[in-house]
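K.L.:
got a predicted model here, sequence first, then my questions.
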Amino acid sequence: MKKYDIAVIGGGAGGLTAAIGAVQFGAKTALIEKDPEPGGDCLHYGCVPSKAYIKAAKELRDAKKAAEEFGLGLSGAPDFSVVKSRVQDAIAEIQPHDDRKRLRSLGIDEYHGTASLKTKNEISIDTGETIYAKRIVIATGSSPMIPPIAGLEDISYLTNETIFSIDRVPLKLVVLGSGPVGIELAQAMSRFGSDVTVIDHSGLMEKEEPEIRELAHHLLSEEMTFMFNRKVTKAQKKAEKIGLTVEGDSGTTQEIECNALLIAAGRKPNVKEMGLEKAGVDVKDGKIVVNKKMQTSVSTIFACGDVTGEYPFTHAAGQEGKTVVANAVFGVKQSVDYTHTPYTIYTDPEVFHLGLTEKEARDEYGDNIHVYRSDARHVDRFTAERNKTGLVKIITDKKGAILGAHAIGTLAGDWMQEVVFAKQHGHKIKDFSSVIHPYPSHGEMVSKAADQYWQKRLFEGKVPKLTETYIKWLR
Ligand SMILES: Cc1cc2nc3c(=O)[nH]c(=O)nc-3n(C[C@H](O)[C@H](O)[C@H](O)COP(=O)(O)OP(=O)(O)OC[C@H]3O[C@@H](n4cnc5c(N)ncnc54)[C@H](O)[C@@H]3O)c2cc1C
Ligand SMILES: NC(=O)c1ccc[n+]([C@@H]2O[C@H](COP(=O)([O-])OP(=O)(O)OC[C@H]3O[C@@H](n4cnc5c(N)ncnc54)[C@H](O)[C@@H]3O)[C@@H](O)[C@H]2O)c1
């Protein structure tokens, strides 16, 4: 039996970070991946193809808008095969960074097969091999959660695993779920030409600041129909179409038809048939239970990424993978900390989220907080680009330390990154004012919010009285 210091199950964002980190620090490392090539959901069915869709969809939308405004004729339907090739090209270009050849070149023993735990130190691979490892890392990711809907098994529906290989844009598309997966794809499909309806049993972007949620709702409603607080109870095949029974909170039902149904109702960690019970690894609510060191209930076994359900983003899987390396290879007892971990919802405009919302901050700090805002209407770059929809909200404690930052606006995920840096490195809100932002940039949204700190200090406190006295004395 081959023996390793570390064996990683799953070659997605979390597993690759753990395996590459471990081998680079000198650990004898194995990685077992069931798919032909590593890369996981993010590369094959998630971040990369969805961002390729989003970009192509935005280009089409901008072209249409520009054609209308400048009086140019634009007609016909887009050739969807171009969109499909863009997705394939993006995956193909990134794949070599994650592929088996590269892993081997780094010194990782890679296995192609489905792995499960045999004991707390042994892994069985369905190729018939068994390997031993001092430490095991489970990074098997997640799959689309399919809600129990009567008749669903008799129709063919789409998920994130199939939507990127469709050949035609459905005339009418229903998207079940308005989370990041559902809403990003709903907007892209609408821009490709689908008539899109989004159904959700709660509301839109409920974790976001109310004013950001409202603005997003207003803008996105121009491109799709929303049916909130509703659920689909029945699905049936109707010749070339799909019939759906939609139930509201009050029990009222409505029948709708579509040409395709995309299910984006959340994720289910991949824990099935993993032999977790054999090794004694605890699972709660379908997720592998880990402590802050990403260690499971078995001291030799760690887990990272979507399979833990902690923070299901690629960058968080990477952050957790690094924590695993520190703890499993060096035994340094490092804890994962999501306090400074942001995320962006890549709708157009983008929605950015970091740390506490105002409500969460008030729950924790009472009235000992300050809220600073800016609006794209007062930032010249947005005005010049005829795009005045954007908001920033930064929440600090009494001393100006950043507790949370939230934004909506074109490319907000990019220009809000300076707030992540500032928060993580202990800078205060006032520091943004002294950072020079080139004029005119979107990033002025941040400095304009921070300028309010000085306005408050200079024009509302003791300072104006003192300067008044000084000026009088000068005369
Ligand atoms: C449509 C969509 C868009 C997304 N966009 C973003 C985004 O823009 N930004 C962002 O941060 N996140 C995004 N995400 C989330 C992101 O994709 C996940 O958080 C990330 O992929 C999780 O990484 P992971 O390593 O945990 O799992 P995965 O990347 O899914 O990797 C798990 C790997 O384990 C393998 N595996 C599973 N079981 C076994 C087994 N028994 N044996 C061997 N191998 C196994 C799988 O084949 C897979 O390769 C998106 C997700 C979706 C669905
Ligand atoms: N931009 C990004 O970073 C990005 C993009 C896509 C996905 N992701 C990650 O992937 C994860 C999963 O995203 P997601 O959108 O699949 O899940 P989600 O859990 O965020 O959203 C699922 C939505 O479906 C709704 N829903 C669930 N069951 C339903 C039902 N039976 N009927 C009607 N509505 C129902 C929920 O109310 C929710 O709004 C996210 O948490 C995120 O971490 C990130």
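P.N.:
Nice, thanks for sending it over. Ligands and ions are numbered 1, 2, ... in the order given.
K.L.:
ok, Q295 - contacts?
P.N.:
Residues near Q295 by CB atoms under 8 Å, 6 or more residues apart in numbering: 301-302, 327. Placement of C-beta: from N, CA and C, glycine included.
K.L.:
try it again at 6 Å.
P.N.:
Residues counted as contacts of Q295 (CB atoms under 6 Å, 6 or more residues apart in numbering) are F302.
K.L.:
do you know how far the residue nearest to the spatial centre of the chain is from I395?
P.N.:
Centroid-nearest residue in the chain: F313, 4.9 Å away (criterion: CA atoms, centre = their mean). As judged by CB to CB, to the nearest Å, F313 and I395 stand 21 Å apart.
K.L.:
next: V48.
P.N.:
Using CB to CB, V48 is found at 32 Å from I395.
K.L.:
those two - which one has more neighbours?
P.N.:
Each of V48 and I395 has its neighbours counted (other CB atoms under 10 Å); I395 has more, 25 against 21.
K.L.:
show me what the more buried one bridges to in the sheet.
P.N.:
V371, G404 (DSSP bridges).
K.L.:
just checking, it touches K359?
P.N.:
No. Using CB atoms under 6 Å, I395 is not in contact with K359; the gap is 9.7 Å.
K.L.:
which ones are touching G107?
P.N.:
V23.
K.L.:
one more: R61?
P.N.:
For R61, the contacting residues are R191, by CB under 6 Å, 6+ apart.
K.L.:
so it: helix, strand or coil?
P.N.:
Under the three-state scheme (DSSP: H, G, I helix; E, B strand; the rest coil), R61 adopts helix.
K.L.:
what residues does the stretch 51-200 of the chain have near ligand 1?
P.N.:
When proximity is defined as CB under 6 Å from any ligand atom, the stretch 51-200 of the chain approaches ligand 1 at 114-115, 139-141, 160, 181.
K.L.:
and ligand 2, is stretch 161-177 touching that?
P.N.:
Yes. Counting by CB under 6 Å from any ligand atom, ligand 2 is contacted by stretch 161-177 at 176-177.
K.L.:
which parts of that stretch are buried?
P.N.:
Across stretch 161-177, burial judged by 16 or more other CB atoms under 10 Å covers 163-164, 166, 169-170, 173-177.
K.L.:
for the stretch 201-350 of the chain, what lies in contact range of ligand 1?
P.N.:
Counting by CB under 6 Å from any ligand atom, the stretch 201-350 of the chain comes close to ligand 1 at 270, 274, 305-307, 312-315, 317, 346.
K.L.:
quick one: end-to-end distance for stretch 144-163.
P.N.:
End-to-end distance of stretch 144-163 (CA to CA, to the nearest Å): 12 Å.
K.L.:
can you give me the buried ones in it?
P.N.:
Neighbour-count burial for stretch 144-163 flags 144, 149, 151-152, 155, 157-160, 163 (criterion: 16+ other CB under 10 Å).
K.L.:
can you tell me what sits against it?
P.N.:
Against stretch 144-163 from outside (CB under 6 Å, 6+ apart): 45, 181, 232, 234-237, 242, 260-263, 265-268.
K.L.:
the residues you listed: which ones sit near ligand 2?
P.N.:
With the criterion set as CB under 6 Å from any ligand atom, the members of these near ligand 2 are 181, 232, 265-267.
K.L.:
distance check, the residue in the chain positioned nearest to ligand 2 against T339.
P.N.:
Closest contact between the chain and ligand 2, by CB to the nearest ligand atom, is at G179 (2.1 Å). Per CB to CB, G179 is found 23 Å from T339.
K.L.:
try L103
P.N.:
L103 is 32 Å from T339, where distance means CB to CB.
K.L.:
who has more neighbours, these two?
P.N.:
Neighbour count, other CB under 10 Å: between L103 and T339, L103 has more, with 23 against 10.
K.L.:
run a quick neighbour tally on R230.
P.N.:
By the criterion of other CB under 10 Å, R230 has 18 neighbours.
K.L.:
that one against V246, yeah?
P.N.:
Yes. Contact criterion CB under 6 Å: R230 and V246 qualify, at 5.0 Å.
K.L.:
give me the phi and psi for the residue lying closest to G280 once chain neighbours are set aside.
P.N.:
Closest residue in space to G280, ignoring its immediate chain neighbours: V298 at 5.2 Å, by CB to CB, 6 or more residues apart in numbering. Main-chain torsions, V298, degrees, to the nearest 10: phi -110, psi 120.
K.L.:
you'd agree V298 is up against K120?
P.N.:
Yes. Applying CB under 6 Å as the test, V298 and K120 come out as touching, 5.0 Å apart.
K.L.:
need the residues touching each of those two.
P.N.:
With CB under 6 Å, 6+ apart as the test, V298 and K120 both reach A279.
K.L.:
helices of the stretch 301-450 of the chain, residue ranges please.
P.N.:
314-324, 358-365, 380-384, 412-415, 417-424, 431-434, 444-460 (DSSP state H, counting those that start in this stretch).
K.L.:
now do the fifth one: everything it contacts.
P.N.:
In other words, helix 417-424. Counting by CB under 6 Å, 6+ apart, 340, 342, 354, 402, 405 sit against helix 417-424.
K.L.:
let's have these in JSON lines, adding distance to Q88, pLDDT and neighbour count.
P.N.:
Formatted as JSON lines, these follow (distance: CB to CB, whole Å; pLDDT from 0 to 100; neighbours: other CB atoms under 10 Å):
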{"residue": "H340", "distance to Q88": "35", "pLDDT": "98", "neighbour count": "16"}
{"residue": "P342", "distance to Q88": "29", "pLDDT": "98", "neighbour count": "21"}
{"residue": "L354", "distance to Q88": "33", "pLDDT": "98", "neighbour count": "24"}
{"residue": "I402", "distance to Q88": "41", "pLDDT": "98", "neighbour count": "25"}
{"residue": "A405", "distance to Q88": "36", "pLDDT": "98", "neighbour count": "26"}
